[in-house]
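Trainee: Please find the sequence and the predicted model below.
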Amino acid sequence: MVDEASPGTKPEGKRKLPDIDPTLRATAAASVGGTLFIWWPAFTLGAYNAIFFDNVLSIWAVATAVLLSGALLRTRGALPWGGWIALAVPSVWILLAIVAPRSHGYPYLHYFEAVFTLAGAPMLTWLLSRILVPDYAELPMRQRLGAVAVTLVIGVLAFLLGKFNPLFLTCSDFDVSGNNSPGGCASGPAFNRW
């Protein structure tokens, strides 16, 4: 913060920006963290009826990084026991996929993968917010649950955007972005928005 008593520290003609409410800052940080995990898997589930492996591996990477960080601390109570379990679930999923691959008659793994990804994102939002957002513990319960709710709402909206992508995207939009065109996409040129 600029000390107004010190001469020459405040540029002439510059107005001080209003402070951001710390409750909003912490709630928004928690919400944004969760939406980064959930929006693309939910969109691909809507557009392609599938969640791509790179989405699942991204969640695995973040969860495993936090799990290993906690293990390095070796501090009793660093995480609640439910947090350790939640962070281990992505690794369990990968082990299940190795032991019981879909090609050998285990198609149910795809459903587990979808549930794990979509349900895991809000849980990771909550857990990572507790760990990474300094003001999170001081937030009222309403705002903490609100951050998880925002993650869920973004997931539902992203799924719907994926499902109804022909309304605002064309097959060429998917091609230009390096993705395969989903079934039922609208024909036409890529729309240059920027």
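Mentor: Sure, I can see it.
Trainee: Report the buried residues of the helix or strand encompassing Ala61.
Mentor: Per DSSP states H and E: Ala61 is located in helix 53-73. Using 16 or more other Cβ atoms under 10 Å as the test for burial, helix 53-73 gives 55-56, 58-60, 62-64, 66-67, 70. The C-beta positions use only the backbone N, C-alpha and C, and glycine is treated the same way.
Trainee: Leu139: which of those residues is nearest?
Mentor: Val66 (19.6 Å; Cβ to Cβ).
Trainee: Surely Val62 and Gly33 touch.
Mentor: No. Look at Val62 against Gly33 with Cβ atoms under 8 Å: they stay out of range, at 9.4 Å.
Trainee: Give the intersection of the neighbour lists for those two.
Mentor: Leu128 (Cβ atoms under 8 Å, 6 or more residues apart in numbering).
Trainee: Can you list phi and psi of Thr170 for me?
Mentor: phi -110, psi 170 (degrees, to the nearest 10).
Trainee: Excluding chain neighbours, what is closest to it?
Mentor: Gly188 (4.2 Å; Cβ to Cβ, 6 or more residues apart in numbering).
Trainee: One more: Thr151?
Mentor: Gly34 is the one closest to Thr151 (Cβ to Cβ, 6+ apart), at 3.2 Å.
Trainee: what's the distance between the nearest residue to Trp126 once chain neighbours are set aside and Asn179?
Mentor: Nearest residue to Trp126, sequence neighbours excluded (Cβ to Cβ, 6+ apart): Val148, at 5.4 Å. Separation of Val148 from Asn179 (Cβ to Cβ, to the nearest Å): 29 Å.
Trainee: what is the rounded mean pLDDT of the helix holding Ala61?
Mentor: Per-residue pLDDT over helix 53-73 has a mean of 83.
Trainee: What strand or helix carries the residue most central in space within the chain?
Mentor: Geometric centre of the chain, nearest residue: Phe37, 1.7 Å, by Cα atoms, centre = their mean. Taking DSSP H and E as the criterion, Phe37 maps to helix 22-48.
Trainee: Also compute the angle for that helix relative to helix 53-73, please.
Mentor: Following axes from the mean of the first three to the mean of the last three Cα atoms, to 10 degrees, one obtains 140 degrees for the angle between helix 22-48 and helix 53-73.
Trainee: Which residues belonging to helix 22-48 are considered buried?
Mentor: Neighbour-count burial for helix 22-48, counted by 16+ other Cβ under 10 Å, picks out 26-31, 33-35, 37-48.
Trainee: next structured bit after the worst-scoring helix or strand of the chain on mean pLDDT?
Mentor: Every helix and strand of the chain was ranked by mean pLDDT, DSSP states H and E. The lowest is helix 108-132, at a mean of 71. Sequence-wise, the next helix or strand downstream of helix 108-132 (DSSP H and E) is helix 141-163.
Trainee: what's near enough to touch Phe164?
Mentor: Contacts of Phe164 (Cβ under 8 Å, 6+ apart): Gly46.
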